[in-house]
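[1] sequence unknown, structure follows:
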């Protein structure tokens, strides 16, 4: 949260709105300064100058600071005030690398719930000041993206630490990752574990933003407005925005809690939040890439068309979500109500927990957690260069070049009908091109299709056997569109052969996989 400076009130001649937080009509206002915290003290000193032109919001209105860095904003008794980090500046982070860019105003605190919300904050201070520090932000940079970590106990936080975070920390160093975002369901309902999870993710060593998910809510809240009190205590506002270099990020809350009288949730964006996004974008140059990070995919939002109207006239947009525990690239077009000049790219991202930490245990005692589309659990590194971006998927605890699985029999009888080859490109899309060749033969195109991953189906068969493996049983297989197929001729010479697959993605990156197989004599010819 922002450091408060209890400075004396400035005379009305200088700040005409300073009437103990009220205007002549009795409406309440907060005010403060965004300042250059040169010494990093977190407090506005006499020598700290204000920063002009910085956006500040109360979750609906957005204003820019004046030449002295001053701002003024309406508040009520349930308001989170926050600064929208400008490019070339950084905000403080907590010991757990959580960005501290906000001030919570809840004079009486949160209502009592099973998991604690915000403690009473008391009356508004005379000045709410947000300190920024300058930092270099190159046009080309990388960030890290997590789908649902979703641990339900400390054991599963340990899985996250050893299956994902250890590898992610090394990647963060090697790729100079600047920050990370988790796309909701930070928890699996047990909100008391936030601290432990945050300590674990903090070991990656970069600032980390968090999106609220349906498993991050207070289920004993009477309505949606009060459903994120615990999340707010830990992470701050459940929606906000920030800039890095030439990219504008909007963190979206798209989960609507229906309340204890009608338990459950649905995907949508509140009217207040839509108003915030509308006001926020007024100050974002049109040549900037706008990235929206949310939990529930756009295709599942009841009022997604209202969000489309706010961004579809912009030339550069991209959005990411999680929630489904599969990975899929959507290209949203006219058939879904999008009116933009070209389809909107929405990535429904793989999850850290995969299939909720289900599946047989490996030699480390960690479930393989393969998702129902056959893709492994993992994370992505996104590289930005101005308005361009490139997503690179990283399967957990696997080499960086492990980008696909290849299904083919080990032995194929000579002269029988062609054998079916199925390739699952974990981060593939309709814009990928996948080819195959045998030995040193020519490359042949493979056919993209929607179906179920054969390896996953095999795992499910083994689970139903007389001795299912250790670990939790997996969910049923789901259809996925990142499969490709071809046939392997069986009139090849008897003996060993090699098969190579290459897949070029929408970002121009080419991935390879190899598979050995044998052509054997048929029983009749043996």
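    Structure received. No experiment lies behind these values; they were computed from the predicted model shown. Numbering: from 1, shown residues only.
[2] so residue 452 touches residue 482, yeah?
    No. Judged on Cβ atoms under 8 Å, residue 452 makes no contact with residue 482 at a distance of 11.9 Å. Yep, even glycine has a C-beta here, placed from its N, CA and C like the rest.
[3] what about these two, which has more around it?
    Comparing residue 452 with residue 482 by other Cβ atoms under 10 Å, the one with more neighbours is residue 482, at 27 against 19.
[4] Any idea how far stretch 517-526 is from the middle of the chain?
    50 Å (Cα atoms, centre = their mean, to the nearest Å).
[5] So for it, what gets flagged as buried?
    517, 519, 520 (16 or more other Cβ atoms under 10 Å).
[6] How many neighbouring residues does residue 460 have?
    Neighbours of residue 460 (other Cβ under 10 Å): 16.
[7] Please enumerate residues in contact with the helix or strand where it lies?
    Using DSSP states H and E, the element containing residue 460 is helix 454-463. Taking contacts as Cβ atoms under 8 Å, 6 or more residues apart in numbering, the residues outside helix 454-463 that touch it are 359-360, 370, 372-374, 405, 407, 422, 424, 468-469, 473-474, 476-477.
[8] any idea of the mean pLDDT in it?
    In this model, helix 454-463 has an average pLDDT of 92.
[9] Flag every buried residue along that helix.
    454, 455, 456, 459, 460, 463.
[10] Over to stretch 62-77?
    62, 63, 65, 69, 70, 71, 72, 73, 75.
[11] Now do the end-to-end distance for that stretch.
    18 Å (Cα to Cα, to the nearest Å).
[12] Use 836 as the first number for this chain going forward.
    With the count now opening at 836, the last piece we talked about shows up as stretch 897-912.
[13] And the average pLDDT for that stretch is what?
    97.
[14] Residues in contact with it: which ones?
    Counting by Cβ under 8 Å, 6+ apart, 850, 852, 856, 862-870, 884-893, 896, 916, 919, 940-943, 959, 1111, 1114-1115, 1117-1118 sit against stretch 897-912.
[15] Show me which of those residues are buried.
    Looks like the contacts of stretch 897-912 have 856, 863-870, 885-886, 889-893, 916, 919, 940-941, 959, 1111, 1115, 1118 buried, using 16+ other Cβ under 10 Å.
[16] So which of those residues belong to helices?
    1111, 1115 (DSSP state H).
[17] in its sheet, what does the helix or strand just after the helix holding residue 1295 sit against?
    As assigned by DSSP H and E, the chain's next helix or strand after helix 1289-1298 is strand 1315-1323. Note on strand 1315-1323: by DSSP bridges, its sheet partners are strand 1254-1260 (antiparallel), strand 1282-1286 (antiparallel).
[18] Now residue 968: phi and psi?
    phi -130, psi 140 (degrees, to the nearest 10).
[19] Any idea what it is bridged to?
    If you apply DSSP bridges, the partners that residue 968 bridges to are residue 925.
[20] re the thing from before, so which of the contacts of helix 1289-1298 is the closest to residue 1322?
    residue 1257 (10.5 Å; Cβ to Cβ).
[21] Of all the strands paired with strand 1315-1323, which one is nearest residue 931?
    Short answer: strand 1254-1260, nearest of the strands paired with strand 1315-1323 by Cβ to Cβ, at 35.2 Å.
[22] Let me see the mean pLDDT of the closest one.
    98.
[23] which stretches of the stretch 1036-1185 of the chain aren't confidently modelled?
    Counting by pLDDT under 70, the stretch 1036-1185 of the chain contains no low-confidence range.
[24] can you rerun that using 90?
    Within the stretch 1036-1185 of the chain, the stretches with pLDDT under 90 are 1095-1098.
[25] for stretch 1080-1098, which positions count as buried?
    1080-1092, 1094.
[26] before we move on, what about stretch 1023-1037?
    Buried-residue list, stretch 1023-1037, by 16+ other Cβ under 10 Å: 1023, 1026, 1028, 1029, 1032, 1033, 1035, 1036, 1037.
[27] again with stretch 966-976
    For stretch 966-976, by 16+ other Cβ under 10 Å, it's 966, 967, 972, 976.
[28] Contacts for that stretch next, please.
    Outside stretch 966-976, the residues touching it (Cβ under 8 Å, 6+ apart) are 837-838, 869-873, 875-879, 883, 886, 889, 918, 920-927, 1011, 1013, 1079-1081, 1218-1221.
[29] try stretch 921-929
    So stretch 921-929 is contacted by 838, 877, 886, 888-890, 918, 920, 934-936, 965-972, 1042, 1077-1081 (Cβ under 8 Å, 6+ apart).
[30] if we can go back for a sec, and the buried residues of stretch 897-912, which two are the farthest apart?
    Counting by Cβ to Cβ, the most remote pair of the buried residues of stretch 897-912 is 904 and 910, 19.0 Å apart.
[31] Partner strands of the helix or strand hosting residue 976 and their direction?
    Assigning secondary structure by DSSP H and E places residue 976 in strand 975-981. Under the criterion DSSP bridges, strand 975-981 sits next to strand 1012-1017 (parallel), strand 1213-1220 (antiparallel) in its sheet.
[32] Quick check: next helix or strand after that strand?
    helix 989-994.
[33] helices or strands next to that next one in the packing?
    For helix 989-994, the contact count by 3 or more Cβ pairs under 8 Å, 6 or more residues apart in numbering; DSSP states H and E identifies helix 1029-1037 as packing neighbours.
[34] So which residues of the chain form helices?
    Going by DSSP H, the chain shows helices at 989-994, 1001-1009, 1029-1037, 1064-1070, 1106-1116, 1139-1146, 1289-1298.
[35] follow-up on the earlier one: in strands, which of the buried residues of stretch 1352-1361 appear?
    1352, 1354, 1355 (DSSP state E).
[36] Pretty sure residue 1143 sits against residue 1178.
    No. Using Cβ under 8 Å, residue 1143 is not in contact with residue 1178; the gap is 11.5 Å.
[37] okay, and the common contacts of those two?
    residue 1167.
[38] between those two, who's got more neighbours?
    The residue with more neighbours, out of residue 1143 and residue 1178, is residue 1143; 20 against 14, by other Cβ under 10 Å.
[39] contacting residues around that one?
    1167, 1172, 1173, 1174, 1175, 1179.
[40] number of nearby residues for the fourth one?
    Residue 1174 sits with 11 neighbouring residues when counted by other Cβ under 10 Å.
[41] gap between it and residue 1277?
    Using Cβ to Cβ, to the nearest Å, residue 1174 is found at 43 Å from residue 1277.
[42] Which residue ranges make up each domain of this structure?
    What automatic domain parsing lists as the domains of the chain is 836-969, 975-1184+1216-1228, 1239-1355.
[43] okay, how far is it across the shortest one, tip to tip?
    End-to-end distance of domain 1239-1355 (Cα to Cα): 26 Å.
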